[in-house]
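J.: One predicted model, sequence on top.
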Amino acid sequence: MNKVILMGRLTRDPETRYTQTNNTLVSSFSLAVNRRFVRQGEERQADFVNIVAWSKLGEFCSKYFKKGQQVGVIGRIQTRTWDDDQGTKHYVTEVVAEEAYFADSKRESEAGTSSFENTFGNTAPGSMGADFDVSSSDDLPF
């Protein structure tokens, strides 16, 4: 099974082009995906994953996705090779998107926030977002 689920922030606006053979739209962008675990004393690390979206999904991504937005992508890993003009073989591994979603909170997207710190729930301890308050345990059922 070849299935990838990623959540990260766009490192740049999607680039859109059309194939030469059948004029199919293809959109490509890169996601910065924070690693889940950090060793003590180290800075948080991110992996930069290349994403390719075709046809209608590519059109959606190019129209609505912008640099800094947090998005979710479901797809499959694909490896391609090609030879350049000098005969050098090139390899590229990318995710071919099958689904794409907005993952920013409504409040974040309205405010234009693009902090990498909010990825994967790295908010302050006890903070579950602006609409959730756990400051008083009087009303908790447990």
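T.: Sure thing, it's come through.
J.: List the contacts of the nearest residue to residue 35 once chain neighbours are set aside.
T.: Of all residues not flanking residue 35 in the chain, residue 45 sits nearest, at 4.9 Å (CB to CB, 6 or more residues apart in numbering). For every residue, glycine as well, the C-beta is placed using N, CA and C. By CB atoms under 8 Å, 6 or more residues apart in numbering, the contact set of residue 45 is 34-35, 38.
J.: What of residue 64?
T.: Contacts of residue 64 by CB under 8 Å, 6+ apart are residue 102.
J.: Look up phi and psi at it.
T.: Residue 64 has phi and psi values of phi -110, psi -20 when expressed as degrees, to the nearest 10.
J.: continuing past the helix or strand where residue 62 lies, what's the next helix or strand?
T.: Per DSSP states H and E, residue 62 falls inside helix 55-64. Going down the chain from helix 55-64, the next helix or strand is strand 70-83, by DSSP H and E.
J.: returning to that earlier point: list the buried residues in the helix holding residue 62.
T.: By 16 or more other CB atoms under 10 Å, the buried positions in helix 55-64 come out as 57-58, 61-62.
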